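>>> Below are the sequence and a predicted model for it; my questions follow.
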Protein chains: 2
Amino acid sequence: MPEAREQVPLPPGLDLLWGRRERGKRGPRAGLSADAIVAAAMRIADAKGLEAVSMERVAHELGFSTMSLYRHVASKEELLQLMWNGSALGAEHLVIEGDDWRSRLRTWAIIQRDMLDRHPWITQMPMAAPPVAPNSLHFVERGLATLDETGLDDADKLRIIGLLSSYTLSEARMAHDAARAAAAAQAAGDGPSGPPVPFDSLLRELLDEQTYPRLYRIAWDPAAATVSERDEFLWGIDRILDGVAALIERTRQDRSG
Amino acid sequence: MPEAREQVPLPPGLDLLWGRRERGKRGPRAGLSADAIVAAAMRIADAKGLEAVSMERVAHELGFSTMSLYRHVASKEELLQLMWNGSALGAEHLVIEGDDWRSRLRTWAIIQRDMLDRHPWITQMPMAAPPVAPNSLHFVERGLATLDETGLDDADKLRIIGLLSSYTLSEARMAHDAARAAAAAQAAGDGPSGPPVPFDSLLRELLDEQTYPRLYRIAWDPAAATVSERDEFLWGIDRILDGVAALIERTRQDRSG
DNA sequence: CACAAAATGTATATTGGGTACACAGTTAGC
DNA sequence: GCTAACTGTGTACCCAATATACATTTTGTG
């Protein structure tokens, strides 16, 4: 792999992402490319989970030898970075409809959540660095755009985007973790000890009333647990949007007052 | 390791956490214990990061052989679960001061953030299952208690706790990732290519005005980046609390109206 | 046009980490 | 004292990432 054109030294992987890694003209035409590798890795991750993504497996999927990947990708960590960026593919052509900032911002958050659900492995990725990938930044840019006519200053807009992203990412992660755990329990439960125990009865089993009075009450409330995870997620988004609305209101009053 | 007492089958690791894994009386007195192993693993993780925690290293730290750990801990994954629970040690004796729900809940969130900062590896942990650990649940219970006199119903209280937790966890994760990346760049920058590039100049380098107009403006704004990460975090907490306040207000009106 | 330089793909080997397994020594209770 | 239930350990195996050296292909240059 040739050195990056001499400029600001980018963190590993970012040079490729931003098109700053040049390939020489000599040598055989490459039968492989970073894009193909990333696509194969994403296919595997979508189908079998992130832990199924090994260099050997990706290479095999493409019909090449394991080591051939290293001619196009510096390390597995870099490959993961590229997968992250790949997951946000299409953010550049994203158009968000909506009359007011609130419905637009809500849609933006939902799109992000859907993206995470489409590629559940994203929430499992060990991220060594803040994701400064082109596609991610496109998506942030679209988020900022939803707040164009709110009168907020730029810093606050960015903070709002960060707030919603943090929450969305975290909720998706928990939901995916739970789904994985359920699937694992399912698989294990096929064994000697019968079917797995659902989460609720687990809590009922473990919580005693003295130590955890409030949780105990919630665990035993028959009305609980009727809300889907997605609705729980949306509930949280709406609370945050309430907070944003308050901020916008206050900002407007400050300005006119 | 003996089988768990016959009851509801718990996910791996939880039986130990909830004191349901019995040890026989015969045999030599154990020189090792799950607690000691977890403590050693946490020491290593605190000092050298989560990736430094290997079974070999933990065992060596304790002066035992690698395989001895497996007499007390079923797998590395279980050890990680136990570490997670260990990080929330002390939640049972937590007392949160404050006159109104808002200041109490704010304090609760800050305590959680401080806990995560004390053990940065928590945010790196691959969590295969929702954390149903005694200490974590204690902490949740304390969070619910801050909302005791708000008139909210239980389900909403739990959602609020989840919302704040999600945000806090996610923010801590990003902050730690960034810190790790900076440290890594520091180490790498000692090499041939000189000192590493700070995050801001990186963005200025990469963003072009046409594609990312809003981000471009923010990146080049001299007034930006003067706020500490902690203040950014608190800003988000306050937005969420605004949203919670709105919900409480609305709930009270619904009830009286 | 020959040939050196620059690439690509691959086989081999090393390293590191998790863990199955068998065995030796130890202790409680019959 | 005998035995079952333990504990700690050495050895072996497997998997995954990746350094290295090599054969092969292409290109630009003298």
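On my side now, so go ahead. Just so it is clear, the structure is predicted and the values come from calculations on it, not from any experiment.

>>> how about the helices of the stretch 151-257 of chain A, start to end?
Assigned by DSSP state H, counting those that start in this stretch, the stretch 151-257 of chain A shows helices spanning A:154-189, A:199-206, A:213-220, A:229-256.

>>> Give me the nearest residue to residue A:147, chain neighbours excluded.
Closest residue to residue A:147 apart from its sequence neighbours, by CB to CB, 6 or more residues apart in numbering or on different chains: residue A:157 at 4.6 Å. In this view, the C-beta of every residue, glycine as well, is placed from N, C-alpha and C.

>>> cool, and residue A:247?
With sequence-adjacent residues excluded and distances taken as CB to CB, 6+ apart, residue A:247 is closest to residue B:239, at 6.3 Å.

>>> lowest-confidence helix or strand of chain A?
helix A:199-206 (a mean of 85; mean pLDDT, DSSP states H and E).

>>> Briefly note if that helix comes near chain B.
Yes. Among the residues of helix A:199-206, A:199, A:201-203, A:205-206 lie within reach of chain B under CB under 8 Å from any CB of the partner chain.

>>> Then stretch A:115-122?
No. Using CB under 8 Å from any CB, stretch A:115-122 never reaches chain B; the gap is at least 11.4 Å.

>>> neighbouring contacts of that stretch?
Contact partners of stretch A:115-122, identified using CB atoms under 8 Å, 6 or more residues apart in numbering or on different chains, comprise A:42, A:45-46, A:49-50, A:53, A:83-84, A:87-88, A:123, A:168-169, A:172, A:176, A:179.

>>> restrict those residues to contacts with DNA strand D.
Of the entries in the contacts of stretch A:115-122, those that also sit close to DNA strand D under the rule CB under 7 Å from any atom of the strand are residue A:53.

>>> of the contacts of stretch A:115-122, buried ones?
Taking 16 or more other CB atoms under 10 Å in any protein chain shown as the criterion, what is buried in the contacts of stretch A:115-122 is A:42, A:45, A:50, A:53, A:83-84, A:87-88, A:123, A:168-169, A:172, A:176.

>>> ok, which pair from those is furthest apart?
Of all pairs drawn from these, the greatest distance, 23.4 Å, lies between A:53 and A:168 (CB to CB).

>>> rewinding a little: return a PyMOL selection command for the buried portion of the residues of helix A:199-206 next to chain B.
To isolate the buried ones among those in PyMOL, judged by 16+ other CB under 10 Å, type:
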select buried, chain A and resi 199+202+203+206
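
>>> now, among the residues of helix A:199-206 next to chain B, which is nearest to residue B:107?
Within the set of the residues of helix A:199-206 next to chain B, residue A:203 lies nearest residue B:107; the separation is 25.9 Å, counting by CB to CB.

>>> Tell me which of the helices of the stretch 151-257 of chain A sits nearest to residue B:138.
Proximity to residue B:138, assessed across these by CB to CB, is greatest for helix A:213-220 (9.3 Å).

>>> For that closest one, give me every contacting residue.
Where contact means CB under 8 Å, 6+ apart, the residues beyond helix A:213-220 that reach it are A:200, A:203-204, A:207-209, A:224, B:137, B:140-141, B:144-145, B:154-155, B:157-158.

>>> Which of the residues you listed scores worst on pLDDT?
Taking the contacts of helix A:213-220 together, the minimum pLDDT is found at residue A:224 (73).

>>> hang on, isn't it packed against residue B:155?
Yes. Between residue A:224 and residue B:155 there is a contact at 5.9 Å, judged by CB atoms under 8 Å.

>>> hang on, isn't residue A:86 packed against residue A:39?
Yes. Applying CB under 8 Å as the test, residue A:86 and residue A:39 come out as touching, 7.4 Å apart.

>>> Number of residues surrounding residue A:165?
Burial of residue A:165 is recorded as 19 neighbouring residues (other CB atoms under 10 Å in any protein chain shown).

>>> rewinding a little: identify the residues contacting the residue nearest to residue A:247.
Applying CB under 8 Å, 6+ apart to residue B:239 gives the contacts A:159-160, A:163, A:240, A:243-244, A:246-247.

>>> pLDDT, distance to residue A:150 and neighbour count for the residues you listed - can I get that in JSON lines?
Listed next are those as JSON lines, based on pLDDT from 0 to 100; distance: CB to CB, whole Å; neighbours: other CB atoms under 10 Å in any protein chain shown:
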{"residue": "A:159", "pLDDT": "97", "distance to residue A:150": "13", "neighbour count": "19"}
{"residue": "A:160", "pLDDT": "98", "distance to residue A:150": "9", "neighbour count": "27"}
{"residue": "A:163", "pLDDT": "98", "distance to residue A:150": "14", "neighbour count": "24"}
{"residue": "A:240", "pLDDT": "98", "distance to residue A:150": "15", "neighbour count": "26"}
{"residue": "A:243", "pLDDT": "98", "distance to residue A:150": "13", "neighbour count": "24"}
{"residue": "A:244", "pLDDT": "98", "distance to residue A:150": "9", "neighbour count": "26"}
{"residue": "A:246", "pLDDT": "98", "distance to residue A:150": "12", "neighbour count": "17"}
{"residue": "A:247", "pLDDT": "98", "distance to residue A:150": "9", "neighbour count": "20"}
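
>>> from those, which is closest to residue A:98?
Checking these against residue A:98 with CB to CB, the nearest one is residue A:244 at 14.3 Å.

>>> What sits closest to that closest one if chain neighbours are left out?
Distance criterion CB to CB, 6+ apart; nearest residue to residue A:244, sequence neighbours excluded, is residue A:160 at 5.6 Å.

>>> Distance check, the one you found against DNA strand C.
For residue A:160, the distance to DNA strand C (CB to the nearest atom of the strand, to the nearest Å) stands at 40 Å.

>>> quick one: contacts for that residue?
Here residue A:160 is in contact with A:105, A:147, A:152, A:244, A:247, B:239 (criterion: CB under 8 Å, 6+ apart).

>>> For DNA strand C, state which of those residues is nearest.
Each of these was scored against DNA strand C by CB to the nearest atom of the strand, and residue B:239 proved nearest at 39.4 Å.

>>> Output the least confident helix or strand of chain A as CSV, restricted to C-alpha atoms.
Taking C-alpha atoms only, helix A:199-206 is exported to CSV below (Å, rounded to 0.1, in the frame of the first residue of the first chain):
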residue,chain,number,x,y,z
PHE,A,199,-37.0,-11.2,30.8
ASP,A,200,-40.0,-10.3,32.9
SER,A,201,-40.2,-13.5,34.8
LEU,A,202,-36.5,-13.3,35.3
LEU,A,203,-36.9,-10.0,37.1
ARG,A,204,-39.9,-11.3,39.1
GLU,A,205,-37.7,-14.2,40.2
LEU,A,206,-34.8,-12.1,41.3
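
>>> now for it, which elements pack on it?
Taking 3 or more CB pairs under 8 Å, 6 or more residues apart in numbering or on different chains; DSSP states H and E as contact, the helices and strands that helix A:199-206 lies on are helix A:213-220.

>>> Which residues belonging to the helix it packs on are considered buried?
Using 16+ other CB under 10 Å as the burial criterion, the residues of helix A:213-220 that qualify are A:214-216, A:218-219.

>>> Of those residues, just say which sits nearest to residue A:127.
Where the buried residues of helix A:213-220 are concerned, and distances follow CB to CB, residue A:127 has its nearest neighbour in residue A:215, at 31.5 Å.
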